[in-house]
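> Pasted the sequence and its predicted model underneath.
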Amino acid sequence: MALAAAALVGPVGAGSASAAVVPGLGYDPADVGSLSAISQIVGARAAWAQGYTGAGVDVAVIDTGVTPVPGLATTGKIVTGPDLSFDAPGATTPGLDAFGHGTFMASLIAGKDAGATSSATGCGICLNASGYSDTTKFVGIAPDARIVNVKVGAADGATDVTQVIAAVDWVTQHAHDPGMNIRVLNLSYGTASTQAYTSDPLAQAVEQAWKHGIVVVAAAGNDGKSSKNLADPAFDPYVIAVGGDDPNATLATGDDTVPTFAEHGNSKRPWTSPPRPPMSSGCGCPDRSSTP
Ligand SMILES: [Ca+2]
């Protein structure tokens, strides 16, 4: 498998996480496909104004590694987990991204320009009560979150599902270690498994993560066939499946459509609301037994 399936429409690349916002480099806040626009479309800006910025939350990114480009270079921004990729043997810098996908995703999730701040005090161009609504600054959807980098994809993007399963297991086992608070696991890819989610090994691994207090977010898939099922593990009802959105060149969402490249099917998800398994004890997690 190759890790190359981003979930949102938008030409924002890893190179866009620049301290100097220059449209020529790919970040143009006026472009509806920019991360600045996407943060409004998905409601992140409203969340920031209420103080929800990802502070104190670790997001595990199992991907092609993460390179500390501008926007991810702040001390403590990235926690380096294990490198389980084909690049690892003999690597002098394990965990670094030699493909681009993992850095791209980490930037979308928690990138933040060095000059960006949560305070809007004195900011004449901020769009709301959060300083992160300053569209001249690059910020990810959860700008104060930390990234836990678990590399599985090699320099050519290739990995094996067994490496991904091992990475999910590591995240599940270490999510609540001292100094760690992994509450979200991001998997921006999937497999074309034909097994049921009740027996598929990758689906079982992400369910274990969910049962240990981790919200698992997985790409729905970009094969574009309405007759095809969601990718694995997005087809598992314990996870949040994220599909593509075409904003139709406007910030308002009423005219949005599902782009032709995105997966449309949902025939393998039997529930309309999340299941409610008991939480394991001792992990410091919220009790989900009463959640809807
Ligand atoms: Ca729109």
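Cool, the structure landed.
> can we go C-alpha only for contacts and neighbour counts from here?
OK.
> what does this structure put close to the ion?
Listed as neighbours of the ion in the chain under the rule Cα under 5 Å from the ion: 247-248, 250-253, 255-256.
> and with 6 Å instead?
Neighbours of the ion within the chain, by Cα under 6 Å from the ion: 247-253, 255-256.
> closest point of the stretch 1-150 of the chain to the ion, which residue?
residue 41 (7.7 Å; Cα to the ion).
> quick one: contacts for that residue?
251-253 (Cα atoms under 8 Å, 6 or more residues apart in numbering).
> again, only using 10 Å
Contacts for residue 41 (Cα atoms under 10 Å, 6 or more residues apart in numbering) come out as 32, 35, 245, 247, 250-253, 256.
> Can you check the pLDDT for residue 127?
With respect to pLDDT, residue 127 has a value of 92.
> neighbours around the spatially closest residue to residue 259 that is not a sequence neighbour, how many?
Nearest-residue entry for residue 259: residue 246, 5.4 Å, with adjacent residues in sequence omitted and distances by Cα to Cα, 6 or more residues apart in numbering. Residue 246 has 19 neighbours, counted by other Cα atoms under 10 Å.
> next one: phi and psi at residue 246?
phi -100, psi 110 (degrees, to the nearest 10).
> Quick check: it vs residue 139, distance?
Residue 246 sits 21 Å away from residue 139, going by Cα to Cα, to the nearest Å.
> Which one of the contacts of residue 41 sits in the busiest neighbourhood?
Neighbour counts for the contacts of residue 41 peak at residue 35, which has 28 neighbours (criterion: other Cα under 10 Å).
> The lengthiest helix in the chain - what's its average pLDDT?
Ranked by residue count under DSSP state H, the longest helix found in the chain is helix 161-174. The pLDDT scores in helix 161-174 average 98.
> Give me the helices and strands touching that helix, please.
Applying 3 or more Cα pairs under 10 Å, 6 or more residues apart in numbering; DSSP states H and E, we find helix 161-174 packed against strand 58-63, strand 78-83, strand 146-151, strand 182-187, helix 201-211.
> Now render these as JSON lines, adding distance to residue 172 and mean pLDDT.
Shown next, in JSON lines, are the helices and strands packed on helix 161-174 (distance: least, Cα to Cα, whole Å; pLDDT from 0 to 100):
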{"stretch": "strand 58-63", "distance to residue 172": "10", "mean pLDDT": "98"}
{"stretch": "strand 78-83", "distance to residue 172": "12", "mean pLDDT": "98"}
{"stretch": "strand 146-151", "distance to residue 172": "12", "mean pLDDT": "98"}
{"stretch": "strand 182-187", "distance to residue 172": "9", "mean pLDDT": "98"}
{"stretch": "helix 201-211", "distance to residue 172": "5", "mean pLDDT": "97"}
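> Now render those as a markdown table, adding mean neighbour count.
Below are the helices and strands packed on helix 161-174 laid out as a markdown table (neighbours: other Cα atoms under 10 Å):
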| stretch | mean neighbour count |
| --- | --- |
| strand 58-63 | 30 |
| strand 78-83 | 21 |
| strand 146-151 | 28 |
| strand 182-187 | 24 |
| helix 201-211 | 21 |
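> Wait, the residue nearest to residue 259 touches residue 33, no?
Yes - counting by Cα atoms under 10 Å, residue 246 does reach residue 33; the two are 9.0 Å apart.
> How about residue 260, nearest residue that isn't a chain neighbour?
Closest to residue 260 by Cα to Cα, 6+ apart is residue 224, at 5.4 Å.
> Pull the contacting residues for the one you found.
Neighbours of residue 224 in contact, by Cα under 10 Å, 6+ apart: 244, 258-265.
> Relative to the ion, how far out is it?
Distance from residue 224 to the ion, counting by Cα to the ion, to the nearest Å: 20 Å.
> sec struct for that residue, please.
What DSSP: H, G, I helix; E, B strand; the rest coil gives for residue 224 is coil.
> quick one: pLDDT of it?
Reported pLDDT for residue 224: 77.
> before we move on, what about residue 243?
In this model, residue 243 carries a pLDDT of 89.
> For burial, what's the neighbour tally of the closest residue to it other than its chain neighbours?
Distances taken as Cα to Cα, 6+ apart put residue 220 closest to residue 243, at 4.9 Å, once the chain neighbours are dropped. Applying other Cα under 10 Å, we find 29 residues neighbouring residue 220.
> my read: residue 56 touches residue 76, true?
No - judged on Cα under 10 Å, residue 56 makes no contact with residue 76 at a distance of 11.9 Å.
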